[in-house]
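> Turn this into a model:
(2 chains)
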Amino acid sequence: MSGEPLLSVDGLSTWIGAGDDVVRAVDQVSFEIRKGETFALVGESGCGKSMTALSIMRLLPDGAGIVGGGVHFGGRDLASLPEREMREVRGRRIAMIFQEPATSLNPVLPVGRQVEEVLVRHAGLRGGAARARVQELFESVGIPDAVRRLDEYPFQLSGGLRQRVMIAIALACEPDLLIADEPTTALDVTIQAQVLDLLAELQRRTGMAMLLITHDLAVVAQMSARVAVMYAGQIVESARTRRFLDKPGHPYARMLLRALPGTDARSGRLASIPGAIPDLRQTFAGCRFAPRCDRVVEACRQSTQTLGAVGDGWEVRCSRVEAATVGQGASPAMPAAPATSRSTGGRQSAAPLLDVQGLQVHFPVKRGLLRRTAAMVRAVDGVDLRLEAGTTVALVGESGCGKTTVGKSIVQLIRPTAGRVVFAGTDLCGLDEQRLARLRKGFQMVFQDPFSSLDPRMRVNEILEEGMVALCPEIGAIERSRRIDSLLERVGLGVAAKGRYPHEFSGGQRQRIAIARALAVEPKVLVCDEPTSALDVSVQAQILNLLKDIQEEMGLAYLFITHNLSVVEYLADEVAVMYLGRIVEQGTAREVLSSPVHPYTQALLAAVPRINSSASRQGRLAGDPPSPTAPPVGCHFQPRCPHATDTCRRDYPASRQVSSTHSVHCILDRPRSAG
Amino acid sequence: MNLPFQPVVLWTDGLLFLLVAVVLGFVRWSRHEEHLRAPWRKVARSRGGMIAVTVLVLYAGVALLDSLHYRRALPTDKPGAEVTYAPEVLSVLDTFARPLRDGSERTFSAPFAATAFVKETITRADGTQVRDFPRLRYGGRLLENPDVERVPDIARRALGGLAAGVLLWVTLAGLVTGYVAHRSGETFAEVSAAAWRGEHALPLRAILLTLGGACAVIVPLLVLSAHYHVLGTDKVGQDVFYLTLKSIRTGLVIGTITTLVMLPFALALGIMAGYFGGWVDDVIQYLYTTLSSIPGVLLIAASVLMMQVYMDTHADTFDSITRRADFRLMFLCVILGVTSWTGLCRLLRGETLKLRELDYVQAARAFGVSPWRIMLRHVLPNVLHLVIITTVLGFSALVLAEAVLSYVGVGVDPAMNSFGTMINAARLEMAREPIVWWSLFSAFVFMFVLVLCANLFADAVRDALDPRMREQVSPAAALRRARALAASTRSVA
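Residues are numbered from 1 along each chain as shown, chains lettered A, B, ... in the order given. Below is the predicted model of the structure:
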């Protein structure tokens, strides 16, 4: 597709703040989008990709402003348009959907009214005509039962439906350009797949252009024709997507692709990018990536790099492109010590380190004046797990399936309603706090969000000390200090970190502190609750490598709770798939991931966007997970299952062994052929 | 030991100085804690906040001078005899303001007047009687002919005072600049030049200008008050300026000690309710809902009356009027504190409910740390900003509450000076013809400045401590500055 570009961004610079603290969030960014094209802007958090989108829409927060460059849209310069005319462009010509569907809708207005508002404002439709159009829009974005949904409030809709409503609002005036800022980041994989499919289909139908902003390279691979990678406020590479994924030019792009976990990297270590993204308040002398680059030469540090054309439509901001692309064929994963045999080692031992039997956690829902229990949320409803020393069991599931509750109730932060959690021969349930405290050093937890898991008012030293003071009073102050030093060295932070506060560290470094804190009491079991989901890809690889190394050194057992299946492929020995409070399939990683039996597992795997294969549309799930307050009769999965039979609708299927290590709760024997 | 005076420590004196010590200790301690130092540094850099602090320091100085109490030794003839002390308890401020205290008139006189406000029958030396405005005992007592000499005399003294004020200001400015230069390691000239251009990191120019303004007003007032009643006299002839100065201490005591009483309730109960939940939460919620459903003024009135009865039946416990008044003041603080902790308590409960679910508290629980220790080490430090913001904001409300309560008649002892009693007394004077406006005026102005400064300071503190209140740069100004900066960097490159 050639011809006049629809949107052309030319040398756009957006700065935030003033004085010494000015953040050069977007620095000389240029790109073009043609009619009907999807262009992806990809980068880690803080690289300026959202700021670019907001600059185009002129929706910048207070204190931020466009300081240079132009945004030309359909022959007009948006940067100098009066605000009144800009309002006409927004919504009508350019529409935007945001990351968080929960906060983008007004909670006190019915969703139909919110779409109508746009029509009234921009299309001049009123009354019945507007309502009919809204219904039409709802149907076109695939909202089932559209007439009823018109009068519902946002809280009555699930996350996926809310995002569909947002898309309906964005499409209401048939814009020429849709800016989608991380449209699926807050959604589960199966819902993400639905929304991405919808966007692609709408684009085919209406012929609008799309600017897709994401951090997920797999989404890029699936959705866009061209891609630009941003780093520290600049575009470092822009190319056709296929070319980019096959043969990235810039060292940053190349390392980013290699940092993605997956089966192919299973035996070795992930290639991680050392360090963290730079602070945009400084003025850069040389290449911004130079401190983290593996092929850096002296010249990189001294002269700024310019975006140079390498081939047709392929530009790279690196003077050593040729050198960088040499040797692409080499195996991306670095060889590591052979450690793959460990997964089968201890399986036959009689007593596992941690044995969870029939674990149940129910929360009462209280209603009315007298706070009577009206219903029970069966967050966890009968979970069995066995964890051997030195192995990793991954607990996989979508949000709300109860996987975090399982983790917390194993560590006894939430007391289980029923069931047994046997750790080293002792049942933890029903122990009083004092006796439990004596055992607590054996099992610890690493939390999801490194920003809320460290007390902002405590120094690193105090944070690491806390557990030892509470659980190992026999350790003296000197020994404690020595142990903290060695832990900090072990997690790669250095002793100098001791006297500093958490806010001085980046997300990845904070997660290292959190891991060190858990390790301080020398636990045998570590429950990791989505430890990398709040981190960028390059940092995620660092943390996964660290966890793997520590496991090999100390023989720890991990219960790894995650929704990210590619992490599972990299790290886990065994996988348990959870759906609505119950485990539906369990087995070794190889069995579950390459020949899944349960339709849910199959759908979950099919929904994950892949970089190296064009996504198959088969096995996509419709609908949303049901509420754990009122689980469906029979098999919990039957309302969404494409193969459900009458038996499924009547009884919950019993566990069935597929092999000695692989069990599944499904009556259907339908192992999909891998591939 | 035969001292010429006997120090007297009243209840509120002790508490006030304890509070000063606590604040100074907190300042010293927070210097070493980066997370505490950073926001306070931000407060120190806000112009409005520092102007307010400058004025508040002046107020606090007056209040502290007024809190050093003593009893004078009575003169004795026989050397070596047992020294007896006067029953009257005086403060250091009283000593400084002795001429004002002693130079009282018979009744009303207008500010800067040399004659009384109302005509009286005067017997002349020759025995004839006329109705005229009698000369004042204190105001303009050195003048031969007030009608002619008064205005030039006032102007001359005011100018002299102004000159002295400027001199004092130069000295003070030099001291402040010198201190800042010493602390920051710059030279005196650098700091003063930066301050002059308004470019110093601290809003030094604003501070120095406020000091200048204060010197230019206060010093001439003080000079003039040696010869005139600068704010007139009240019904019984007391100098209103003196009364206003004495009222400052009352206001500050109410504002600060009440907070001291209220904090333990709010902190302990609020955090416990939020952290434990369950029946503990129910009991505490029931308690504060009940308490806040009783009208505060009625509760205070009932308690004050009860205390009045107690004081009347135990008259021998209080050996002087001052002690009696002081006890009543402290009791008022306690009562205000007991009725005003509910708001902060509710706030802290909500915040603790949120913090309890945060991962770092969960991590501490996973380590088996005891609940009390978690509340002390994890919850308390993380709600401290709320506490500081609420107490600083609450201060001005308490000063106003005192005025209202004294006006209603359940406030401080009638023998104690306060803004409330002054306003209450001025109420009737407003009905006079011609109107007696100066009592109300001076109480109003002094209280207004105090409350305004407390609010400005509270705003600065909240801006610095509240993470949700980020510094709002005006977008247009930020854009202009950013564009200028971009242009300059481009021209350099």
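
> just the helices in the stretch 1-150 of chain B please.
Here the stretch 1-150 of chain B has its helices, by DSSP state H, counting those that start in this stretch, at B:11-30, B:34-45, B:47-65, B:92-96, B:98-102, B:146-184.

> To chain A, which of those lies closest?
helix B:34-45 (5.8 Å; C-beta to the nearest C-beta). All C-beta atoms are positioned from the backbone trio N, CA, C, and that covers glycine.

> The one helix or strand B:L450 maps to and chain A in contact?
Taking DSSP states H and E as the criterion, B:L450 maps to helix B:438-465. No: using C-beta under 8 Å from any C-beta of the partner chain, we find that helix B:438-465 stays clear of chain A, coming within 12.6 Å at best.

> still on that earlier bit, which one, of the helices of the stretch 1-150 of chain B, ends up nearest to A:V584?
A:V584 lies closest, by C-beta to C-beta, to one member of these: helix B:34-45, at 46.0 Å.

> count of residues packed around residue 419?
No chain in the question, so chain A it is. Counted by other C-beta atoms under 10 Å in any protein chain shown, the residues lying close to A:G419 total 19.

> my bad, the chain I had in mind was chain B
30.

> dump the residue contacts of it.
Going by C-beta atoms under 8 Å, 6 or more residues apart in numbering or on different chains, B:F419 touches B:247, B:250-251, B:399, B:402-403, B:406, B:443, B:446-447.

> and which of those is nearest to chain A?
Comparing those against chain A with C-beta to the nearest C-beta places B:V399 closest, at 31.4 Å.

> give the contact list for that closest one.
Taking C-beta under 8 Å, 6+ apart as the test, what B:V399 contacts is B:251-252, B:254-255, B:419, B:447, B:450-451, B:454.

> What secondary structure category should be reported for the one residue in the stretch 451-600 of chain A that gets nearest to chain B?
At 3.5 Å from chain B, A:S453 is the closest residue in the stretch 451-600 of chain A, using C-beta to the nearest C-beta. Taken by DSSP: H, G, I helix; E, B strand; the rest coil, the conformation at A:S453 corresponds to coil.

> Would you mind pulling the contact partners of stretch A:77-88?
By C-beta under 8 Å, 6+ apart, the residues outside stretch A:77-88 that reach it are A:56, A:58, A:66, A:69-72, A:89, A:122.

> circling back: Serialize the helices of the stretch 1-150 of chain B to JSON lines and add fields for mean neighbour count and distance to chain A.
Shown next, in JSON lines, are those (neighbours: other C-beta atoms under 10 Å in any protein chain shown; distance: least, C-beta to the nearest C-beta, whole Å):
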{"stretch": "helix B:11-30", "mean neighbour count": "14", "distance to chain A": "12"}
{"stretch": "helix B:34-45", "mean neighbour count": "16", "distance to chain A": "6"}
{"stretch": "helix B:47-65", "mean neighbour count": "19", "distance to chain A": "16"}
{"stretch": "helix B:92-96", "mean neighbour count": "17", "distance to chain A": "40"}
{"stretch": "helix B:98-102", "mean neighbour count": "15", "distance to chain A": "49"}
{"stretch": "helix B:146-184", "mean neighbour count": "15", "distance to chain A": "17"}
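
> Now render those helices as JSON lines, adding mean pLDDT and distance to A:M554.
Converted to JSON lines, those look like this (pLDDT from 0 to 100; distance: least, C-beta to C-beta, whole Å):
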{"stretch": "helix B:11-30", "mean pLDDT": "88", "distance to A:M554": "39"}
{"stretch": "helix B:34-45", "mean pLDDT": "78", "distance to A:M554": "33"}
{"stretch": "helix B:47-65", "mean pLDDT": "91", "distance to A:M554": "52"}
{"stretch": "helix B:92-96", "mean pLDDT": "87", "distance to A:M554": "68"}
{"stretch": "helix B:98-102", "mean pLDDT": "85", "distance to A:M554": "79"}
{"stretch": "helix B:146-184", "mean pLDDT": "89", "distance to A:M554": "50"}
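
> Reformat those helices into CSV and put distance to A:A299 next to each item.
Output for the helices of the stretch 1-150 of chain B, formatted as CSV (distance: least, C-beta to C-beta, whole Å):
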stretch, distance to A:A299
helix B:11-30, 48
helix B:34-45, 39
helix B:47-65, 48
helix B:92-96, 74
helix B:98-102, 80
helix B:146-184, 41
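
> Figure out which of those helices is closest to B:E429.
Here helix B:98-102 is closest among the helices of the stretch 1-150 of chain B (C-beta to C-beta), at 19.8 Å.

> can you give me the strands for chain B?
Using DSSP state E, the strands of chain B run over B:5-8, B:69-72, B:90-91, B:120-123, B:129-132.

> Can I get these in CSV including mean pLDDT and distance to chain A?
Shown next, in CSV, are the strands of chain B (pLDDT from 0 to 100; distance: least, C-beta to the nearest C-beta, whole Å):
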stretch, mean pLDDT, distance to chain A
strand B:5-8, 86, 41
strand B:69-72, 88, 40
strand B:90-91, 88, 41
strand B:120-123, 83, 67
strand B:129-132, 84, 68
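
> for the ones you listed, which one sits closest to B:G232?
It's strand B:120-123; of those, that one is closest to B:G232 (C-beta to C-beta) at 17.1 Å.

> Partner strands of that closest one and their direction?
Strand pairing for strand B:120-123, using DSSP bridges, gives strand B:129-132 (antiparallel).

> buried stuff in the partner strand?
Of the residues in strand B:129-132, none count as buried by neighbour count, 16 or more other C-beta atoms under 10 Å in any protein chain shown.

> same check, this time on stretch B:388-399
Residues of stretch B:388-399 classed as buried by neighbour count (16+ other C-beta under 10 Å): B:388-396, B:398-399.

> what about burial for the contacts of B:F419, which qualify?
The buried subset of the contacts of B:F419 (16+ other C-beta under 10 Å) comprises B:247, B:250-251, B:399, B:402-403, B:406, B:443, B:446-447.

> Thought A:V577 was touching A:C401, still the case?
No: contact criterion C-beta atoms under 8 Å: A:C401 and A:V577 do not qualify, at 9.1 Å.

> returning to that earlier point: and the two most separated of the buried ones among the contacts of B:F419?
In these, two members sit farther apart than any others by C-beta to C-beta. They are B:S406 and B:F446, at 14.7 Å.

> backbone phi and psi for the closest residue to chain A within the stretch 51-200 of chain B, please?
Nearest residue of the stretch 51-200 of chain B to chain A, counting by C-beta to the nearest C-beta: B:E199, 11.8 Å away. As for B:E199, its main-chain torsions (degrees, to the nearest 10) stand at phi -110, psi 0.
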